[in-house]
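Undergrad: can't give you the sequence, but here's the structure:
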């Protein structure tokens, strides 16, 4: 795992509106601070991905996600907390503060409290949730290593962090929190 210096550097890059590539539970992700629309637009252009698909937010704690989530019934909140931290992404009702370039214009938002040590350290270093979308062009396989992320996006991102992904995992499962419907299986 990278040292504290690189996380401080990544924090500066992110707070300055930059885009980074970093390891997650299953693949390398592209990320930025969600309120920086220009950074999100950079990611969408790199991936050739329409904004209407929405993006996932990752965090080191649920507190970093609460501003983006509408209030949830206690039973729904408990369901989320039972699966976190971990590789489970929940789709929940979005708050009015959730940017439309993150929700894709929907009334819901995809969120995850990650257990991955790099994601944890990144979110703690900026004290903020981050955009997390796979480091790949739409329709292409995602990067599973730093080398693959550099090869695919090295000249387009501001920083590529080192770290391991689990090569046996598929991208994280996505579930609707209200209906418990699986939207994407792991």
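TA: Now that the structure is in, tell me what you want to look at. Nothing here was measured: the structure is a model prediction, and the numbers come from that model.

Undergrad: For the chain, which helix or strand comes out least confident on mean pLDDT?
TA: strand 182-184 (a mean of 87; mean pLDDT, DSSP states H and E).

Undergrad: Go through it and flag the buried ones.
TA: Buried residues in strand 182-184, counted by 16 or more other Cβ atoms under 10 Å: none are found. No exception for glycine: its C-beta is placed from N, CA and C like everyone else's.

Undergrad: next one: stretch 176-183
TA: Buried, per 16+ other Cβ under 10 Å, within stretch 176-183: residue 177.

Undergrad: Which residues outside that stretch are in contact with it?
TA: 72, 76, 79, 80, 90, 91, 92, 93, 108, 173, 174, 175 (Cβ atoms under 8 Å, 6 or more residues apart in numbering).

Undergrad: repeat that for 10 Å
TA: 69, 72-73, 76-77, 79-80, 83, 89-93, 108, 110-111, 173-175 (Cβ atoms under 10 Å, 6 or more residues apart in numbering).

Undergrad: what kind of secondary structure is the most centrally placed residue in the chain in?
TA: Centroid-nearest residue in the chain, with Cα atoms, centre = their mean: residue 132, separated by 2.0 Å. Assigned by DSSP: H, G, I helix; E, B strand; the rest coil, the conformation of residue 132 is strand.

Undergrad: ok, now how distant is it from residue 96?
TA: As judged by Cβ to Cβ, to the nearest Å, residue 132 and residue 96 stand 22 Å apart.

Undergrad: on that earlier part again, sheet partners, orientation included, of the least confident helix or strand of the chain?
TA: strand 173-176 (antiparallel) (DSSP bridges).

Undergrad: The partner strand: how far from the chain's middle?
TA: Chain-centre distance of strand 173-176: 14 Å, with Cα atoms, centre = their mean, to the nearest Å.

Undergrad: Ignoring the adjacent residues along the chain, who's closest to residue 101?
TA: Residue nearest to residue 101 in three dimensions, not counting chain neighbours: residue 40, with 4.9 Å by Cβ to Cβ, 6 or more residues apart in numbering.

Undergrad: where's that neighbour, which helix or strand?
TA: helix 37-47 (DSSP states H and E).

Undergrad: just so I have it, where are all the helices in the protein?
TA: 4-15, 37-47, 74-82, 100-103, 117-126, 146-153 (DSSP state H).

Undergrad: Which among those helices is found nearest to residue 137?
TA: helix 37-47 (5.8 Å; Cβ to Cβ).
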